[in-house]
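*Asks:* Take this sequence and fold it.
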Amino acid sequence: MPEGEPTGRRPGPPRPKGPAGPLRRLFPMVRPYRRNLVVAIAVSIAALGAQVNAPLVVKRYIDEAIRGNRPQSVIPYALVIFGLGLAQAVMWFVRRNLLGSAAVGLENDLRNRLYGHLQALPVSFHDGWQSGQLVSRAVSDISRIRRFLGFGLSWLVILAVQFAWITVLLFRLDVGLAITTIAFSAPVALMSYRFSRRFRKISRDTQDQQGDLTTVIEEVATGVRVIKSYGRSRERSEIFSRQALKLREITLVGVSLRAKWWSLNTILLNTNLVVILLFGGLRVVNGGLSLGALVAFIQFQLMLVWPVRDVGWILSNGQEASAAAERVFEILDTPADVADLPGATPLPTPAGRLAFEGVRFTYPGTRSEVLKGVDFRIEPGETLALVGSTGSGKTTLASLVSRFYDPDGGRVSLDERDLKSLTLDSLRSHVGVAFEDPILFSASVRENLLMGSPDASDDDLWDALAAAQADVFVRNLPWGLDTRVGEQGYSLSGGQRQRLALARAVVGRPRVLVLDNPMSSVDVHTEALIEEALKSILQGRTALLIAYRPSTLLLADRVALLHEGRIVATGTHHDLLSEVPLYREMLAKDVADPFAAEEVNA
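*Replies:* Numbering: from 1, shown residues only. Alright, predicted model coming up:
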C-alpha cells in the first residue's frame, strides 16, 4: 500500500452470523420509546383499514352506482372515498411524527452512549484507531441504525399486517386469481430474502470504506500546513482519489445488486398484473366476476405489490443497520481498562508524595518494554526533572501519573496509595498536565482554560495566564478571554498555544504538576519569563518536569536520567553534569543554543 494511505481498520470481534444479532442488542434502548412505537403501529393499522376499505367502496360504486344506473349514489360514494383518504392522511401524519420522535430520541441516546464510552476508553484505544473510523461510526452508522429501528422495524410489522389482510380480501373476491397472485409473490419474497443476505457484506464494506475516506479528509484538514509546505498536495489528492475510487467500486456493486433485484421484481409483478387482467377480464365477460370486483382486485394486487417489494428494501436497510450496529459494538464492547476499580475511593487533598516502584510498561500490540522497572520518589513540594533521549519512555512515564495508562508491573502511588485504588475524577482533579504538543479546542480562550478547572473565576484565569506569561497577548486578542482560537488553536502561534496549555494546567492549583517539555515552542525571551513564573508556580507543589534545556533543569530540586527504560542516575543538575558522562552527552545533543551548549560542556 502506498505510503501515507490508511493501512486498514482496527480488527473487531467476530461478526455475528445473523443480521438480527447486533440489532437485538439495541432493543433495550428502544424501551423508553415503546409507547410511541405501539401507538404509531396502532394508528398505522387504522390507516391501513381506511386504505383497504377504499377498493371495497369502489367495487360497490361501480357495481351499484354505475352498473346499476343509480346516479344519486355517485356523490355519497365519492364523499366516502374522500373521507377514507383524508382519514388515512391524518393518521399517516400522526404515525410519522410518533415514529420520528422515537427514532431521533433513540439516535440521540445511542450517540451519547457511544461518545460517553469513547471518553471512558483509555488512551491506548485511541492510539490504535483511525479517527475517521470513529467519526463514521458516531455519525453515519448511528443514523443508519436510527432509520431502521425507528422506521424499518415498525414498517415490517405494518407490511406483514397489510400482506395478511389483503391476501384474505383477495381470496374473498376470487380464489383462482388470488392463488395466481400469491404464486407470483412467492419468488419475489424469496429474491428479497436472498438479496438482503448478499447486501449485508456490501453494506459492511461500504461503511468501512467510508470510515477510511473520512480519515483521509480529516488528515488533509488538520495537516494542510504540512501538505502545502512540502508541496504534497498532488500525492494527498492521489491517496484521496484511490480511497474514493474504492468507495465508488463497492457502492456500484450495491447499486448493481439493487438494480437487478428491482428489475426482476418489476417484471414478475407486472406479469402478475397482465395475468389478472387477462383471466379476470375473461371472467367478467363470462359473468363469473363483477367489473367492480375486478377493479377492486387490481387495486388490492397493486397494494400487495408494495409490501412484497418493500420487504426487500426494508431488509436491505436492516442489513445496513446490522452492519452499522456491529461496527458500533466494536467500540462499545471494548472494555475501559483504565477505569475506577471496585472499592476505589476519592482522593482528599494530597500532600503530594509521588512514587514509582518497579514500574514496567509495554504498549498494547508491541513486544518491547518501554519502562523496565522504574524506581524513584518525589517528596511533597519537590520538583524532579526527567531527562532522557527520544524514545526512552519519558512521556510514557509522565502519562502514568494521570492514569492515561496503567503499568503492567509495579505500581505508581500518591501519598502511599496505589493510583488504581483512587477514583479517576478525584485523582485527575489534583494533577495538572501540560503536554509537549499543546492541544486546544475550537472554542474561546476562557472555555479552553476552564477545562483545567470548571469552577475557576475570571481572577483565577488571569492569575494562571500571568503565571504562564500569557496574560499580555490574551488581553490584546479582539475579545480577550472570549476570543475563539480556531480548530486546535491554529489561529495562535506555537508559543501562544503552549502558554495557554500551561495556564490550563495550573488554573486549578493542583497539588501535582506534570509538565512535558513546556518550553518546546517558545522563544528564548518567553522561555526566561515562563521559567521565572514557574519558580513561584512550583513552590509547594510536587512536580514532574520533562525538560532538556539547562535553564529549565535548574528549576528542579533533583534530576533523574532515564535511559533505555530505566533510571540510571539521579542528583542535581550540576552533580550529574560533573559525574555522569551520559548526561552531558545527552544534553549536548539536545541543546540547540550554542551558548547553552557551552554551558553544558563546561
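*Asks:* my read: V284 touches S290, true?
*Replies:* Yes. Counting by C-beta atoms under 8 Å, S290 is a contact partner of V284 at 7.1 Å. Using the backbone N, CA and C atoms, a C-beta is placed for each residue, glycine as well.
*Asks:* Just the buried residues of stretch 535-549, please?
*Replies:* Buried residues in stretch 535-549, defined by neighbour count with 16 or more other C-beta atoms under 10 Å: 537-538, 541-549.
*Asks:* mind checking the longest helix of this protein?
*Replies:* helix 233-285 (DSSP state H).
*Asks:* Would you mind identifying the next helix or strand past that helix?
*Replies:* Counting by DSSP states H and E, the next helix or strand C-terminal to helix 233-285 is helix 291-332.
*Asks:* quick check, distance from that next one to the centre of its chain.
*Replies:* 29 Å (C-alpha atoms, centre = their mean, to the nearest Å).
*Asks:* quick one: average pLDDT of it?
*Replies:* Mean pLDDT, computed over helix 291-332, is 80.
*Asks:* now for that helix, which elements pack on it?
*Replies:* On a contact count with 3 or more C-beta pairs under 8 Å, 6 or more residues apart in numbering; DSSP states H and E, helix 291-332 meets helix 20-24, helix 34-60, helix 74-120, helix 142-147, helix 153-173, helix 175-222, helix 233-285.
*Asks:* Low-confidence bits of the stretch 301-450 of the chain, can you list those?
*Replies:* 306, 308-309, 312 (pLDDT under 70).
*Asks:* can you map out the helices along it?
*Replies:* Assigned by DSSP state H, counting those that start in this stretch, the stretch 301-450 of the chain shows helices spanning 394-399, 424-429, 445-450.
*Asks:* Identify whichever of the ones you listed lies nearest to I276.
*Replies:* helix 445-450 (67.3 Å; C-beta to C-beta).
*Asks:* Output the helix or strand immediately after the closest one in the chain as CSV, nothing but the C-alphas.
*Replies:* Next helix or strand after helix 445-450 toward the C-terminus (DSSP H and E): helix 458-467. C-alpha atoms of helix 458-467 as CSV (Å, rounded to 0.1, in the frame of the first residue of the first chain):
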residue,chain,number,x,y,z
ASP,A,458,-12.0,35.2,35.9
ASP,A,459,-9.5,36.2,38.5
ASP,A,460,-8.2,32.6,38.7
LEU,A,461,-7.9,32.6,34.9
TRP,A,462,-6.0,35.8,34.8
ASP,A,463,-3.7,34.6,37.6
ALA,A,464,-3.0,31.4,35.6
LEU,A,465,-2.4,33.3,32.4
ALA,A,466,0.0,35.7,34.2
ALA,A,467,1.9,32.7,35.6
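*Asks:* which one is S143 nearest to, not counting chain neighbours?
*Replies:* Leaving aside its sequence neighbours, S143 sits nearest to E107 (C-beta to C-beta, 6 or more residues apart in numbering; 6.7 Å).
*Asks:* do the same with K246
*Replies:* Q209 (5.4 Å).
*Asks:* residues contacting the one you found?
*Replies:* Going by C-beta atoms under 8 Å, 6 or more residues apart in numbering, Q209 touches 243, 246-247, 250.
*Asks:* go again using 6 Å as the cut-off
*Replies:* 246-247, 250 (C-beta atoms under 6 Å, 6 or more residues apart in numbering).
*Asks:* try N36
*Replies:* If a contact means C-beta under 6 Å, 6+ apart, then N36 has 98, 101-102 as its contacts.
*Asks:* Name the member of those with the most neighbours.
*Replies:* Neighbour counts for the contacts of N36, by other C-beta atoms under 10 Å, peak at A102, which reaches 24 neighbours.
*Asks:* Relative to V39, how far out is it?
*Replies:* 10 Å (C-beta to C-beta, to the nearest Å).
*Asks:* Kindly report the same for Q51.
*Replies:* From Q51 to V39 the distance is 18 Å (C-beta to C-beta).
*Asks:* And for V359, the neighbour number?
*Replies:* 24.
*Asks:* Over to the residue in the chain sticking out farthest from the centre. Which of the three states is it?
*Replies:* For the chain, the residue at maximal distance from the C-alpha centroid (C-alpha atoms, centre = their mean) is N69, at 66.9 Å. Following DSSP: H, G, I helix; E, B strand; the rest coil, we place N69 in the coil state.
*Asks:* residues touching it, list them.
*Replies:* Under the criterion of C-beta under 6 Å, 6+ apart, N69 has no neighbours.
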